[in-house]
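Undergrad: here is a sequence together with a model predicted from it:
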Amino acid sequence: MATLRPFRALRPKPQDAAAIAAVPYDVVSTDEARALADGNPLSFLRVSRAELELPAGADPYSPAVYERAAANFRKLRETSLVVEAEPSVYFYRLRMGAHEQTGLAGCWSLDEYDRSVIKKHEKTRRDKEDDRTRHMIALGAQTGPVFLTYPATSAVSAIASRATSAAPLIDFTAADGVSHTLWKAADGDRDALVAAFAGVPALYIADGHHRAASAARTRDHLKAEGESSSFLAVAFPDDQVQILPYNRVVKSIGERTVEGFETAVRQRFDMTDGPATPGRRGEIAMYFGGRWRTLTAKSAPGNDPIKSLDVSVLQDQLLEPILGIADVTTDKRIDFVGGARGTKALERLVDAGQAVAAFSMFPVSVKDLIAVSDAGAIMPPKSTWFEPKLRDGLLSHLI
């Protein structure tokens, strides 16, 4: 069962929260981080991506980067951050357009992460783990929460409804239009939430696998119990999580002619003129030659939780056999576009000659993610794009 641990959060003073809160460190490049932090000395990107303050071209993994991150973190703590007097948990609401989701922010057991009570669906890269592990050790804190989901329960939902009817601790709308609202749980609600999660059989990492893995490595490095034996996360009920598609663009069709490529595709897929957005699972929209077509595989993939995913169908029946793209994580001919950018972004890339074909995917469901995780399997690379995203710097866990 899942163990929720209240913690003494390090958080912004309410008047500084909007300036401090920053996009997750791993969704922007150094140049993008530098532009976002420009003119804002409080931006948490100066902690999470401290290389933005170093000369252009500086090694983002050099000791100087972690030293600068720690110095900037100390400066924020002296001026704009406060530590709660008592351990607590928090409700964190995200609102993007008509979509709204409310999660519970707290700390969760790394022992349960090790034992797969908290389940994974992605492999992690050692170099990325190295980076966040060094970052946590340098700061003595985990500053970016993991995004979890869990089977919705009426007990937690009832407490959330009551708690979020009160005045919030922090409330602001970011430049991208996403609203972020935090409530601190009352003492009685805190204890009730701990009890409620003791009955949740499993939690699932939706986003933030490298953060969780790095927290485990930090615990092992410190060889300590207490705060380092848990990690910061926000857990959202599965009926509120929004997954957008993770689309693909291909930069080359190799030696094939336009006609040869289309012929090869038609051998494996039924292809008709169709919209830019697939209407259902089992359909893939392809933008090629200036128009959108709908692809439906002629051979059914069956009920396998991995093979039946549309991203697997595209990989197994088009990218690899027709274009020779066997490993999408290393092949330079393919790139990925998060669904938040829309299909117009795909058209622009192809029309500008930066790609020759684009594939608009139907989004993976939370049910798919849970099925893959329960099977102990790994999702294909770049399968899910979660929106809206949590902000770094709103809640930090001191270790």
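TA: Happy to help now that I have it. Residues are numbered from 1 along each chain as shown.
Undergrad: can you show me the helices along the stretch 201-350 of the chain?
TA: Secondary structure of the stretch 201-350 of the chain (DSSP state H, counting those that start in this stretch): helices located at 209-222, 258-268, 310-314, 320-323, 342-351.
Undergrad: now tabulate the ones you listed in CSV and tack on mean pLDDT.
TA: As requested, the helices of the stretch 201-350 of the chain are exported to CSV (pLDDT from 0 to 100):
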stretch, mean pLDDT
helix 209-222, 96
helix 258-268, 96
helix 310-314, 96
helix 320-323, 97
helix 342-351, 97
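Undergrad: which of those helices sits closest to residue 180?
TA: Residue 180 lies closest to helix 209-222 among those, at 18.3 Å (C-beta to C-beta). Every residue, glycine included, has its C-beta placed from N, CA and C.
Undergrad: so which bits of that closest one are buried?
TA: 209, 210, 211, 212, 213, 214, 215, 216, 217, 218, 219, 222 (16 or more other C-beta atoms under 10 Å).
Undergrad: what does stretch 377-393 give?
TA: 379-380, 382-393.
Undergrad: repeat for stretch 46-56
TA: Within stretch 46-56, the residues that count as buried by 16+ other C-beta under 10 Å are 46, 47, 48, 49, 50, 51, 52, 53, 54.
Undergrad: name the nearest of the residues you listed relative to residue 369.
TA: residue 48 (25.5 Å).
Undergrad: in this structure the closest one contacts residue 144, no?
TA: Yes: in this structure, residue 48 is within contact of residue 144 by C-beta atoms under 8 Å, at 6.5 Å.
Undergrad: who touches both of the two?
TA: Counting by C-beta atoms under 8 Å, 6 or more residues apart in numbering, the shared contacts of residue 48 and residue 144 are 24, 25, 392.
Undergrad: quick one, longest strand in the protein?
TA: The longest strand of the chain (DSSP state E) is strand 99-109.
Undergrad: just the C-alpha atoms of that one, please, in CSV.
TA: Extracted in CSV, the C-alpha atoms of strand 99-109 (Å, rounded to 0.1, in the frame of the first residue of the first chain):
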residue,chain,number,x,y,z
HIS,A,99,-9.2,21.3,-18.2
GLU,A,100,-8.6,21.2,-14.5
GLN,A,101,-6.8,18.6,-12.3
THR,A,102,-6.1,18.7,-8.6
GLY,A,103,-3.3,16.6,-7.1
LEU,A,104,-1.9,15.9,-3.6
ALA,A,105,1.6,17.1,-3.0
GLY,A,106,3.6,15.3,-0.4
CYS,A,107,6.5,12.9,0.0
TRP,A,108,6.4,9.2,-0.9
SER,A,109,8.5,6.2,0.1
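Undergrad: by contact count, what packs against it?
TA: strand 4-5, strand 90-96, strand 146-150, helix 154-163, helix 187-197, strand 230-237 (3 or more C-beta pairs under 8 Å, 6 or more residues apart in numbering; DSSP states H and E).
Undergrad: let me know the angle separating the fourth one from strand 230-237.
TA: Relative orientation of helix 154-163 versus strand 230-237 (axes from the mean of the first three to the mean of the last three C-alpha atoms, to 10 degrees): 90 degrees.
Undergrad: repeat for the third one
TA: Interaxial angle, strand 146-150 versus strand 230-237 (the same axes, to 10 degrees): 50 degrees.
Undergrad: for strand 146-150, give me every contacting residue.
TA: The contact list for strand 146-150 (C-beta under 8 Å, 6+ apart) reads 2, 103, 108, 118, 197, 200, 202-208, 211-212, 215, 231-238, 241, 366, 369-370, 386, 389-390.
Undergrad: quick one, what contacts the most far-flung residue of the chain relative to its centre?
TA: The centre of the chain is farthest from one residue, residue 259, which by C-alpha atoms, centre = their mean lies 38.5 Å away. Under the criterion of C-beta under 8 Å, 6+ apart, residue 259 has no neighbours.
Undergrad: residue 285 versus that one, what's the distance?
TA: Distance of residue 259 to residue 285, computed by C-beta to C-beta, to the nearest Å: 21 Å.
Undergrad: again, but for residue 216
TA: In terms of C-beta to C-beta, residue 216 sits 39 Å off from residue 285.
Undergrad: ok, residue 380 next?
TA: Going from residue 380 to residue 285 by C-beta to C-beta gives 18 Å.
Undergrad: okay, and the beta partners of the most centrally placed residue in the chain?
TA: Geometric centre of the chain, nearest residue: residue 207, 3.5 Å, by C-alpha atoms, centre = their mean. For residue 207, the beta-bridge partners are residue 147 (DSSP bridges).
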